[in-house]
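1. Got a sequence here, can you build the structure:
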Amino acid sequence: MAQADEDPAATTQDAGGPIPSRPGNDEVDPVVPDDQLPEVSVSDAHTQEAQDAGFDTSDAIVIHWGTDAGGAEWSSEVMDASVTANNDPANFAPSRDALPAVAGQSAKSAGWVCSTWARPTVKSLGHLSSSSHELCSGNFLYHYTRGKFLRSSWSGPRSYTRWTNSRFVYSPTQVNDTIWSIRCPGGGTYNYNLQVQTHLVDTRGDHGGPYEVGKYVRAACGT
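-> Below you'll find the model as predicted:
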């Protein structure tokens, strides 16, 4: 059995990362094959209530990713979304040519841009849950989010669930809001957080964006 950390009642939220090793502990933390991991429960957050309230970026992280008219990809770093300027891809694109929709370029441009936000993981009512907000614009066929939960270990982050896809959002719809959850059955205490990756499909194929890991919750959900 993997070595859990102490203080099972703790639920601190912070930047994700592995639990540091302790002197004298050499217990092997086994790797579970992805096909044996549970699947995340995915639900569409596109209710009228959610749309009216908007997506709360005060404790989220954000990344921007896209292509210019020539197909060259670019991306920002993963950033703190509570900083207003970090939520605008125009502040991080290499040029206006890389922002066909945001910069108001003509429809003949083949470029596109996606911004993806991920909120902290929380534990509530026996479940771990988090949410993501994806906004894509430009010339595309459809886009979707892939997500999975990670847990900390002595040797670094490990998959707690397998990759799961959100719904597909077809052009001209730009927004994809998703709630991710998995049952917390109890057990050892670890850090748990959501990892997401935006995918966009255009006439060139399926493009996978950079990985983004949200802030963790510390909870006793076992392996």
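2. Tell me how far the residue most central in space within the chain lies from T203.
-> With the centre of the chain defined as its mean C-alpha position, the nearest residue by Cα atoms, centre = their mean is V196, 2.7 Å away. According to Cβ to Cβ, to the nearest Å, V196 and T203 sit 25 Å apart. Where you see a C-beta, it was placed from the backbone N, CA and C, and this is true even at glycine.
3. Next: T57.
-> Between T57 and T203 the distance, using Cβ to Cβ, works out to 32 Å.
4. out of the two, which sits in the busier spot?
-> Summary of the neighbour comparison: T57 and T203, criterion other Cβ atoms under 10 Å, with T57 having more neighbours (18 against 8).
5. wait, what's in contact with the more buried one?
-> Listed by Cβ atoms under 8 Å, 6 or more residues apart in numbering, the contact set of T57 reads A81, S82, N87, W117, H133.
6. Give the full set of residues in contact with the third one.
-> Spelled out, it's N87. Contacts of N87 were listed using Cβ under 8 Å, 6+ apart, and they are T57, V62, A81, S115, W117.
7. Can you tell me who the fourth one pairs with across the strands?
-> On the basis of DSSP bridges, S115 takes part in beta bridges with H64, L135.
8. Number the residues from 38 up from this point.
-> Happy to do that; since the first residue is 38 now, the last one works out to S152.
9. That one: what's it in contact with?
-> With contacts defined as Cβ under 8 Å, 6+ apart, the neighbours of S152 are V99, I100, H101, W102, N124, P126, E171, L172, C173.
10. circling back: biggest separation within the contacts of N124, which pair?
-> Taking every pair in the contacts of N124 and measuring Cβ to Cβ, the maximum separation is 10.5 Å, between T94 and S152.
11. now stretch 167-182, how far from the centre of its chain.
-> Mean C-alpha position of stretch 167-182 versus that of the full chain (Cα atoms, centre = their mean, to the nearest Å) differs by 12 Å.
12. Stretch 101-119 too?
-> Averaged C-alpha coordinates place stretch 101-119 at 15 Å from its chain's average position (Cα atoms, centre = their mean).
13. Quick check: end-to-end length of that stretch?
-> End-to-end span of stretch 101-119 (Cα to Cα, to the nearest Å): 15 Å.
14. so where's this structure shaky on pLDDT?
-> Applying pLDDT under 70 to the chain flags residues 38-70, 72, 81-91, 133-147.
15. Now do the contacts for G223.
-> A257, C258, G259.
16. if you set the cut-off to 6 Å instead, what comes out?
-> Applying Cβ atoms under 6 Å, 6 or more residues apart in numbering, we find G223 in contact with A257.
17. ok but it is inside a helix, no?
-> No - if the criterion is DSSP: H, G, I helix; E, B strand; the rest coil, then G223 is coil and not within a helix.
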